[in-house]
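Engineer: okay, predicted coordinates and the sequence, questions at the end:
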Amino acid sequence: MEPVPAGRPVPPGRGGREALLAVASGLALGAAFPRLPLGPLAWVALVPMLAALERRVSAGASKRSLYALGWIGGFAFFLTGTHWIALLTDVAMTIPWLKYVGWVAASAYLANFWALATLLAGVLARRSGLAARWTFVPVMLVVEELRGSGELGFPWFQPGYTQHALPSIGLAAAGGVTLVTLWVLALNALAEHARAERSRAGAAAFVALLGGGLLTGAMLRGPGAPVPEDAPVVALVQGNVPGELKWAGTHQIEILRTFLALSDSALARSPARRPKLVVWPETATGSYLRLQPEQSLMVSEWAASRGVPVFTGYADASRGPDGSPLPYNAAGLWKTDGSLSPRYAKRHLVPFGERMPFEWIFPALGKWDLGQAEWVPGRSTVLFPGPAGPFSCLICFESIFPDLAREDVRAGSRMIVNVTNDEWFGNSSAIDQHATMAQFRAVENGVPFLRCANTGRTEIIGPDGRVTARLPVFETAELVAPVPPARRRETLWTRWGDWPGVLALLAVAVLAVTRRPERDSGARRER
């Protein structure tokens, strides 16, 4: 066959078929995320797109064509995965119809990361002489790391999260969700190799990697075990307060009394083993609770009279050096002696929801009213005294960032409490997607994870990632249950951090400086 020069346009007809293959991959991987129990689909979901990428690389397609292939696949994937943006409640948006524009715009923006992955994988395949399926693995992992970084960071939908209900989640104890994602990507590459080459050895390697990952994950996770009888009991209060009521500003005392009554109900349910801690969700009462003397005193008196501390999320504020108000999305502990703990302020704010991104560079952006709050980010971990040792807090969206949880555990946290308000999502798959990512934070660091949500999912997750207790969504209820103990030994993830991401970056760097021998420049050699 005559060599095909790089940069040739995609032949007529073939481009459409390859685009359909990329779309098929996007839809298949999107279906592998909750709520559908299709996690194993992720093991082969990317095979169609990898096959299309190989064809374009072999045909000498242009860089633009390589980029377009990934973009169309990514657009199909993110449009499927983020469909819940179109289902956001009207309370979440000042201009309700913007959610539809936001859904399409977010999918179009996020698709560029898949496009970058196929472009770089194709370019590195040509330079190195390797098949694009092999270069795609480290490139995609690095791009996924990039997607989760910075002010616009959105690590939601990392392929590894599809494994939340499978033994492979145990791999997160060694290398975080990044290692699980690497395993999933490698499986797809081996599946495509076995298909393209009709290779029995490739098929055997796929089976070996699949079985090895599941077995290793199961061993690292450990067998499910009952919670010890002497484990401390906690009460998580799911207030199920409608947003239009919470944010009306006229029902704060009524909402507070509801939470206090639910907390009393939680104590009455287990008189023999009373909860050692009561947790309310993010911005539970919709008020600046700590700054409202009457409301704060009501919580303090309840904690003191019952002998049980209350941990809750609340809006808060302080004064800056120039006297201007500094508002925070905060959480804190009302202790049994009547005192309040130091405030924890949310460190990673939701872009366009809680803060306009890059506003610190361009202050004028803050004048754009898209319905966002204007919180000030917190700076550090805060440890609170708990029934089984110090615990830390992640507020809502923060639970999807592995480094924040790791930072807390390295600071001494033995339990992570996540207060959240997922009411904005309605009863959509976003609730399940958000909650399952918390299972990875527990496995990664070997600590229990308490998730208290206004409308659900409220649940307790053991250090092995198994949910030990849960409330139904959109019900007003209290979850009273014991907390599984943290692992005695520090996990490899907690100790070493994101080493799979570092290795992937090194692999990409090596590929970037590797050139195939001059004698092979006539045609790409499959390896």
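Structural biologist: Yep, that arrived.
Engineer: low-confidence ranges in the stretch 251-400 of the chain?
Structural biologist: Residues of the stretch 251-400 of the chain that meet the criterion pLDDT under 70 lie in 353-354, 356-373.
Engineer: what of the stretch 1-150 of the chain?
Structural biologist: For the stretch 1-150 of the chain, the stretches with pLDDT under 70 are 1-14, 89-96.
Engineer: again, only using 80
Structural biologist: Scanning the stretch 1-150 of the chain for pLDDT under 80 picks out the ranges 1-15, 87-99.
Engineer: now the helices: where do they sit in it?
Structural biologist: 14-31, 47-58, 63-81, 98-128, 132-147 (DSSP state H, counting those that start in this stretch).
Engineer: check the stretch 201-350 of the chain too.
Structural biologist: Counting by DSSP H, counting those that start in this stretch, the helices of the stretch 201-350 of the chain are 243-246, 252-269, 293-306.
Engineer: what's the answer for the stretch 351-500 of the chain, then?
Structural biologist: Ranges of helices in the stretch 351-500 of the chain, per DSSP H, counting those that start in this stretch, are 402-410, 429-445, 492-496, 499-512.
Engineer: redo those as JSON lines? Include mean pLDDT.
Structural biologist: Below are the helices of the stretch 351-500 of the chain laid out as JSON lines (pLDDT from 0 to 100):
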{"stretch": "helix 402-410", "mean pLDDT": "97"}
{"stretch": "helix 429-445", "mean pLDDT": "96"}
{"stretch": "helix 492-496", "mean pLDDT": "97"}
{"stretch": "helix 499-512", "mean pLDDT": "96"}
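Engineer: right, and the ones you listed - which one's nearest residue 251?
Structural biologist: helix 429-445 (24.0 Å; C-beta to C-beta). (Each C-beta comes from the backbone N, C-alpha and C, glycine too.)
Engineer: ok, back up a step: and the helices of the stretch 351-500 of the chain, which is most packed in?
Structural biologist: Comparing the helices of the stretch 351-500 of the chain by mean neighbour count (mean count of other C-beta atoms under 10 Å), helix 429-445 ranks first with a mean of 25.
Engineer: what angle do that one and helix 402-410 make?
Structural biologist: Orientation of helix 429-445 against helix 402-410 (axes from the mean of the first three to the mean of the last three C-alpha atoms, to 10 degrees) gives an angle of 40 degrees.
Engineer: can I get the CA coordinates of helix 429-445 in CSV?
Structural biologist: Extracted C-alpha coordinates of helix 429-445, given in CSV (Å, rounded to 0.1, in the frame of the first residue of the first chain):
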residue,chain,number,x,y,z
SER,A,429,-29.9,10.7,38.0
ALA,A,430,-27.7,13.5,39.2
ILE,A,431,-28.6,12.6,42.8
ASP,A,432,-27.3,9.1,42.3
GLN,A,433,-24.2,10.2,40.3
HIS,A,434,-23.3,12.7,43.1
ALA,A,435,-23.8,10.2,45.8
THR,A,436,-21.8,7.4,44.2
MET,A,437,-18.7,9.6,43.9
ALA,A,438,-18.8,9.8,47.7
GLN,A,439,-18.2,6.1,47.9
PHE,A,440,-14.9,6.6,46.2
ARG,A,441,-13.8,9.2,48.7
ALA,A,442,-14.5,6.7,51.5
VAL,A,443,-12.5,3.9,49.7
GLU,A,444,-9.6,6.2,48.7
ASN,A,445,-8.9,7.3,52.3
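Engineer: circling back to that earlier point, please identify which of the helices of the stretch 351-500 of the chain is closest to residue 300.
Structural biologist: helix 402-410 (26.0 Å).
Engineer: residue 422 contacts residue 451, doesn't it?
Structural biologist: No. Using C-beta atoms under 8 Å as the test, residue 422 is too far from residue 451 to be in contact (9.8 Å).
Engineer: mutual contacts of those two, please.
Structural biologist: Common neighbours of residue 422 and residue 451, using C-beta atoms under 8 Å, 6 or more residues apart in numbering, are residue 457.
Engineer: in a markdown table: the helices of the stretch 201-350 of the chain, plus mean neighbour count.
Structural biologist: What follows is the helices of the stretch 201-350 of the chain, written out as a markdown table (neighbours: other C-beta atoms under 10 Å):
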| stretch | mean neighbour count |
| --- | --- |
| helix 243-246 | 16 |
| helix 252-269 | 17 |
| helix 293-306 | 16 |
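Engineer: now tabulate those helices in TSV and tack on distance to residue 438.
Structural biologist: Putting the helices of the stretch 201-350 of the chain into TSV (distance: least, C-beta to C-beta, whole Å) gives the following:
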stretch	distance to residue 438
helix 243-246	22
helix 252-269	21
helix 293-306	26
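Engineer: out of the helices of the stretch 351-500 of the chain, nearest to residue 208?
Structural biologist: Once these are compared by C-beta to C-beta, helix 499-512 is nearest, at 19.2 Å.
Engineer: so which elements touch that closest one?
Structural biologist: Helix 499-512 is packed against helix 98-128, helix 132-147, helix 172-197, with contacts defined by 3 or more C-beta pairs under 8 Å, 6 or more residues apart in numbering; DSSP states H and E.
Engineer: distance from the chain centre to the shortest one, please.
Structural biologist: If I follow you right, that is helix 132-147. Centroid displacement of helix 132-147 relative to its chain, using C-alpha atoms, centre = their mean, to the nearest Å, is 18 Å.
Engineer: next one: the longest one
Structural biologist: Chain-centre distance of helix 98-128: 19 Å, with C-alpha atoms, centre = their mean.
Engineer: who does it touch, helix- and strand-wise?
Structural biologist: So helix 98-128, by 3+ C-beta pairs under 8 Å, 6+ apart, packs with helix 47-58, helix 63-81, helix 132-147, helix 499-512.
Engineer: who's more crowded, residue 422 and residue 451?
Structural biologist: residue 451 (30 against 25; other C-beta atoms under 10 Å).
Engineer: I'd like the helices and strands packed on helix 499-512 written out as TSV, with distance to residue 429 added.
Structural biologist: TSV is the format used below for the helices and strands packed on helix 499-512 (distance: least, C-beta to C-beta, whole Å):
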stretch	distance to residue 429
helix 98-128	14
helix 132-147	20
helix 172-197	18
